[in-house]
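[1] Structure, please.
(chains A and B)
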Amino acid sequence: MNLTHLQRLESEAIHIMREVVAEAAKPVMLYSVGKDSAVMLHLARKAFYPAPPPFPMLHIASGWDFQDVLAHRDKTVKEYGLDLIVQHNQEAADSGVNPFDAGAGVYSQMMLIDPLKQALTEHGFDAAFGGGRRDEEKSRAKERIFSFRSASHRWDPKNQRPELWKLYNMRKAKEESIRVFPLSNWTELDIWQYIHLEKIDIVPLYYSSRRPTVERDGLLIVADDKRFRFEEGEQPVEKIVRFRTLGCYPLTGAVESDAETLPEIIKEMLLATTSERQGRAVDHDLTASMEKKKQEGYF
Amino acid sequence: MDIPQVIYKTEALIAEDIDAYLEAHQHKSMLRFITCGSVDDGKSTLIGRLLYDSQMIFEDQLEALEADSKKVGTQGQEIDFALLVDGLAAEREQGITIDVAYRFFATEKRKFIVADTPGHEQYTRNMVTGASTADLAVILIDARLGILTQTRRHSYLANLIGIKNIVLAVNKMDLAGYDQGIFDQIVSDYSAFADEIGIESFVAIPISGLAGDNITNRSDNMPWYDGPTLVQHLEDVEVSVTANQSKPFRMPVQWVNRPNLDFRGFSGQISAGIVKPGDAIRVLPSGKTSRIRKIVTMDGNLDQAVAGQSVTLTFDEEIDCSRGDVIVTADDPPQVADQFESTIVWMDEDELLPGRSYWMKIGTQMVSASIQSPKYQININNLAQLATKTLNLNDIGVAELSTDRPIVFESYTDSRDLGGYILIDKMTNRTVAAGTLHFALRRSQNVHWQDVDIDRAAHAQQKGQAPKIVWFTGLSGSGKSTIANMVEKRLFALGKHSFLLDGDNVRHGLNKDLGFTDADRVENIRRIGEVAKLMTDAGLIVLTAFISPFRAERDLVRSMVGPDEFVEIFVDTPLAVAEERDVKGLYKKARAGELKNFTGIDSDYEVPKNPEMRIDTTNLSPEEAAELIVDTIVGSWSYTI
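    Sure thing, here's the model as predicted:
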């Protein structure tokens, strides 16, 4: 019997998740509600079936999350009886940090990176699953599946462990923690194909629909709720758009598209001419490399 | 730019009938391979070409590539494919460890994962890491240069790690005039070498990564070659995960799934064979047998599962089974042993310390293991066997290895999962080595403990005491021997049977062959531990007074006896105080450089993390310390066993 590439990737991811649960003291799964998270959750349910995933889901809510994302999160949590932790930097939000004034770099540091580190420290999680893939960016191609962080959540690229066969060395000092990427060997096409085959429910924003948009710095931004701040002379324009990736709505660019079904999305992706991360303002604003961001604790 | 025809076909299918495309893509298999060669061989160009031909490059990346090619490329106004995968120089400047980079592409038949191991430095470590998950190795040769030392090195390592599919890609044929004679000569030279190192078969393909000859499309420049193109071969070769299905069933248990009292399943990834409900199985190392009741997955129970799949199994009859056990077919089980011959690839800056106890992870088993002095080291450039006492970073050697309890294993040539292991330093937690098991040593299977009638309990009972190892550790001059001596006098006065091991009675006899290097210190403590253990078997309370600077060795001795039988006493004297006392004048000599490897001066002392007792000699006199030690722990000794 020949295993298909998706069956092998699925088996590998399940093997990784089980290793973590067997060896880590307190694991957690980062749950951004996006398509990669949807696949991660699906795999976790498979890995431990008939038991529920034996760890909580951690959502870092920036406060500027798409309404559809929050609705989808709550629906999913209810449907599968998940243990959800929502972390939000209320202090920064109260002091007025927002994506319009702060600039993408400062904003993502305060509303995404800091609360993530804070949550990991507060709950004492020693292993955190993330949905990162090696095909996302040149610098990720050499990322380990198990990536170690110091007590202050810094990544030390000089001190990475070799990963041989499927033997993962999870031993670490008390305050250290591990980021684990079970989807390391998946490509964007694999993710979409798996969602299609396994009929995984994803946030409706991935499908095209008529939405109010404005154009800024070459990004097509959707005005998701009343807090959206229009600049002078800006008028929302209704366009048929969808998202290839989901971040905070004032920072994530939509694409004009007619793709209303998964096969259409996959078709569009396959014929696309720009790589996935182009839609994220955070990448444009931070000229620093992914390494820098990872060293600071970004996934 | 000539874009190969296959891509037009794929693109047309995607555009016209996405459902048909998805249906086809869904049935693709996967091949993992490694490319071996340096930038000079055109490795990056080849990988860049594979990515480009399979259209894994987006327009924005292509624009950047075109710009970079003009700016820093080596191909004039043409696209420099190498820039797609390189950028390694910059990474090296940032000090990032790059052992392996993984790249992805797909053709109409298969998805591919390429392990790309850069550079000359750290080559062994990198290549072994990349090869450990590969089904196939592409060994690149520059047609103009033929077989070089590095070709031998790459081939040796690929074979060592058990890669059965070897492709000899004779590259840069465009620069060699597409000459058949050159190609044939290289193939014949390589055949002779392959025989020598035990490579059973290989496929040679004349290519040009730069010009695209015989990569995806058949080359018009080499009509004399009638074999497959590189991509055709990669698409058709059998992958090991399929080959493993014909072997006897094995599944290392990762996790016991017990959501409620009614369900008890054993989760793991099948490493070999096929399993069906009703199959008779055995759980190793216990050897207990049962039958498979169900193969449970979220998609429903399966009629069968094969090597490579992650599943959860339930048994007909409940028997003990936990993480680290291996579920195997009942009538063809693997061996269980605790001493082996093994090939070891050392991967850490700190050298191998023979005798030291390391964590060993093999399958899902985690045990303590120690390595003897290597029988020999292998020079991977000419395959000569060299005598050595240890292994350094990137060294490969053959040595005997013993584990603290029997493990389930197979020879690496039969099973990567049950024959490949990593070693982890107990102190730094770094992965220090990877190894492959060859076979169990006969003595491991044939030396059985002689049952004796007067056992250790009888010895202890006769003496009316519970045997112990009281382990004093601390800097030279901290007061260990003085205090231990006083403790023994008190024990003697209480009618206890004891013995004091110290530098004088051990270093002059049993260990007089050992010096003060790290490796010798490890062996010194190991022998003392074994002797102390024998004395506890005889019912004695053993006092030891050695600097014993390394935590790993103290923990090794601790693990030799029962949990309550090892009492670690940290004689805590600050270095300045010990140096000030300098009873034997040793510190003065060490400071003057006359004594090498002196603990505290030019050799580390690792402070105990959780000693049973800590004696602060700046606060307590030796008499007070001895009294405290005896009072505190004699209570537990006075009552027998």
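[2] Just give me the longest strand of chain A.
    With DSSP state E setting the assignment, residue counts place strand A:209-216 as the longest strand in chain A.
[3] Okay, buried residues for it please.
    If you call a residue buried by 16 or more other CB atoms under 10 Å in any protein chain shown, then strand A:209-216 has these buried ones: A:R211, A:T213, A:V214. The way it works is simple: take the backbone N, C-alpha and C, and place the C-beta from them, glycine included.
[4] Can you check the pLDDT for the residue nearest the centre of chain A?
    Nearest residue to the geometric centre of chain A (CA atoms, centre = their mean): A:S32, 4.8 Å. On the pLDDT scale, A:S32 is placed at 90.
[5] Need the three-state assignment for it.
    For A:S32, the assignment made with DSSP: H, G, I helix; E, B strand; the rest coil gives coil.
[6] what are the phi and psi values for it?
    In terms of degrees, to the nearest 10, the main-chain angles of A:S32 are phi -90, psi -10.
[7] what's the answer for B:F193, then?
    The phi/psi pair for B:F193 (degrees, to the nearest 10) reads phi -70, psi -40.
[8] wait, what's in contact with it?
    Counting by CB atoms under 8 Å, 6 or more residues apart in numbering or on different chains, B:F193 makes contact with B:I147, B:T151, B:R152, B:S155.
[9] Could you confirm B:L175 falls within a helix?
    Yes: according to three-state DSSP, B:L175 belongs to a helix.
[10] Tell me which residues touch it, please.
    B:L175 touches B:A143, B:R144, B:S208, counting by CB under 8 Å, 6+ apart.
[11] Just the buried residues of these.
    Buried among those (16+ other CB under 10 Å): B:A143, B:S208.
[12] ok, how many other residues are close to B:L620?
    Neighbour count of B:L620, defined by other CB atoms under 10 Å in any protein chain shown: 16.
[13] now do the one 3 residues further on
    The number of residues packed near B:E623 is 12, by other CB under 10 Å.
[14] for chain A, what helix or strand is lowest in average pLDDT?
    Across the helices and strands of chain A, mean confidence by mean pLDDT, DSSP states H and E is lowest for helix A:281-285: a mean of 40.
[15] Break chain B down into its domains, please.
    Per the record, chain B has its domains at B:5-238, B:244-329, B:335-446, B:456-637, by automatic domain parsing.
[16] tell me the mean pLDDT for the last one?
    What that stands for is domain B:456-637. 86.
[17] now the strands for chain A?
    So, for chain A - with DSSP E - the strands run A:27-30, A:57-60, A:84-87, A:127-129, A:146-149, A:177-180, A:209-216, A:219-222, A:237-242, A:253-256.
[18] Residue numbers of the stretch 51-200 of chain A in contact with chain B?
    By the rule CB under 8 Å from any CB of the partner chain, the part of the stretch 51-200 of chain A lying against chain B is A:51-52, A:134-135, A:138, A:141-142, A:157-167, A:169, A:171-173, A:184-185, A:187, A:189-190, A:193, A:196-197.
[19] Throw together a ChimeraX command that grabs the buried residues out of those.
    The ChimeraX selection below is limited to those of those classed as buried (16+ other CB under 10 Å):
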select /A:51,134,135,138,141,142,157,160,161,162,163,164,165,166,167,169,171,172,184,185,187,189,190,193,196
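[20] Among the residues of the stretch 51-200 of chain A next to chain B, which lie within helices?
    Cross-referencing those against helices under DSSP state H gives A:L189, A:D190, A:Q193, A:H196, A:L197.
[21] Report the lowest-confidence entry in those residues.
    Out of these, that is A:L189, at 86.
[22] Return the residues in contact with that one.
    A:I266, A:M269, A:L270, B:H25, B:A106.
[23] same deal with B:W255?
    A:R18, A:V21, A:A22, B:F266, B:S267, B:G268, B:R323.
[24] Can you spell out which residues form a bridge with it?
    B:S267 (DSSP bridges).
[25] now the contacts of A:L189 in CSV, with pLDDT?
    Formatted as CSV, the contacts of A:L189 follow (pLDDT from 0 to 100):
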residue, pLDDT
A:I266, 86
A:M269, 80
A:L270, 77
B:H25, 78
B:A106, 85
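[26] and the closest residue to A:M1 other than its chain neighbours, how far is that from B:I270?
    Leaving aside its chain neighbours, A:M1 sits nearest to B:V306 (5.1 Å; criterion: CB to CB, 6 or more residues apart in numbering or on different chains). Using CB to CB, to the nearest Å, one obtains 7 Å as the distance from B:V306 to B:I270.
[27] So which of the two has more stuff around it?
    Neighbours were tallied for B:V306 and for B:I270 using other CB under 10 Å; the higher tally belongs to B:I270 (26 against 21).
[28] separation between that one and chain A?
    9 Å (CB to the nearest CB, to the nearest Å).
[29] ok, that residue touching B:T312?
    No: counting by CB atoms under 8 Å, B:I270 sits too far from B:T312 to count as a contact (11.2 Å).
[30] for the contacts of B:F193, which one is nearest A:T4?
    Nearest to A:T4 among the contacts of B:F193, counting by CB to CB, is B:S155 at 31.4 Å.
[31] Is there a neighbour count for the closest one? I'd like the number.
    25.
[32] what does A:Y80 give?
    For A:Y80, the count of nearby residues is 14 (other CB under 10 Å).
[33] mind showing which ranges of the stretch 151-299 of chain A have poor pLDDT?
    A:157-158, A:272-299 (pLDDT under 70).
[34] correction: chain B
    In the predicted model of chain B, residues B:1-12, B:38-39, B:55-99, B:118-122, B:442-452, B:633-641 satisfy pLDDT under 70.
[35] Show me which strand runs longest in chain B.
    Every strand in chain B considered (DSSP E), the longest is strand B:396-409.
[36] so how far is that strand from its chain's centroid?
    Centre-to-centre, strand B:396-409 and its host chain are 12 Å apart (CA atoms, centre = their mean, to the nearest Å).
[37] what's around the closest residue to A:Q118 other than its chain neighbours, how many residues?
    Nearest residue to A:Q118, sequence neighbours excluded (CB to CB, 6+ apart): A:Q87, at 6.7 Å. Using other CB under 10 Å, A:Q87 is surrounded by 19 other residues.
[38] returning to that earlier point: past the longest strand of chain B, which element shows up next along the chain?
    Sequence order places helix B:416-419 as the next helix or strand after strand B:396-409, per DSSP states H and E.
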